[in-house]
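Asks: Okay, sequence plus prediction incoming.
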Amino acid sequence: MLIAHGPAGYLVGVTATRARRRLDLVIAGIVGGLLPDLDAVGYHLGIVQGFHRATPLHWPSVWIALTLIGLAVILFKRGMGEIITVIGVSALVHCGLDMTMAPLYWGAPFHWHSYEMVHVPGGWSPYWLGFIFYWTFLPEIMIWIAAFWLWWNRRKRVEQ
Ligand SMILES: [Zn+2]
């Protein structure tokens, strides 16, 4: 996934808020949706070496653990626990969306076999053009449309 992690995180956050309007959960969804790609930023800054999706930020086990911690925290501090849980779930959705077009280590750090649903052919310069000119970019556009449609309709309901 190239450009849809933010909108996908927004969809997770809005789903978590349901009818209650909780901006903190929407922001948590967006943050969780973007957080795993901090390793890509590190890669481009020269901090992360090798394949950036092999770092703990792209290990689903990390986000499952954070989600479980968030659920435990809900028991004694509800608001904070919900925020942690939404960040964890949204980051897990990020990993699932990444796997649609890039290898991901679902069993890390216990099992190092990568899984990838669709292999996007390389050979483009810059490399990311390959992700734009392949059919896997269509779901990204659909996620943007869904997020925009939801934001637009929620906005209209506030104005009424
Ligand atoms: Zn990613």
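Replies: Structure's in. What do you need?
Asks: How far off centre is stretch 144-157?
Replies: 19 Å (C-alpha atoms, centre = their mean, to the nearest Å).
Asks: sorry, that was for stretch 115-125
Replies: Between the mean C-alpha position of stretch 115-125 and that of its chain there is a distance of 19 Å (C-alpha atoms, centre = their mean).
Asks: Enumerate the residues of the chain near the ion.
Replies: Taking C-beta under 5 Å from the ion as the contact definition, the chain meets the ion at 36-37, 98. Every residue, glycine included, has its C-beta placed from N, CA and C.
Asks: one more time with 6 Å
Replies: By C-beta under 6 Å from the ion, the residues of the chain that approach the ion are 36-37, 58, 94, 98.
Asks: need those residues in CSV with distance to residue 132, neighbour count and secondary structure, can you?
Replies: Below are those laid out as CSV (distance: C-beta to C-beta, whole Å; neighbours: other C-beta atoms under 10 Å; DSSP: H, G, I helix; E, B strand; the rest coil):
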residue, distance to residue 132, neighbour count, secondary structure
36, 20, 28, helix
37, 17, 20, helix
58, 21, 27, helix
94, 19, 28, helix
98, 16, 20, helix
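Asks: Show me where this structure has its strands.
Replies: When assigned using DSSP state E, the chain turns out to have no strands.
Asks: So for the residue nearest the centre of it, what pLDDT did the model give?
Replies: The geometric centre of the chain, computed from its C-alpha atoms, lies nearest to residue 94 (C-alpha atoms, centre = their mean), at 2.5 Å. Confidence at residue 94, expressed as pLDDT, is 96.
Asks: Can you tell me what sits against stretch 2-19?
Replies: Contacts to stretch 2-19, defined as C-beta atoms under 8 Å, 6 or more residues apart in numbering, come from residues 1, 22, 25-34, 36-37, 82, 85-86, 89-90, 93-94, 97, 128, 131-132, 137, 139-141, 143-144, 146-148, 150-151, 154.
Asks: circling back: among the residues of the chain next to the ion, which one lies nearest to residue 105?
Replies: The nearest member of the residues of the chain next to the ion to residue 105, counting by C-beta to C-beta, is residue 58 at 7.3 Å.
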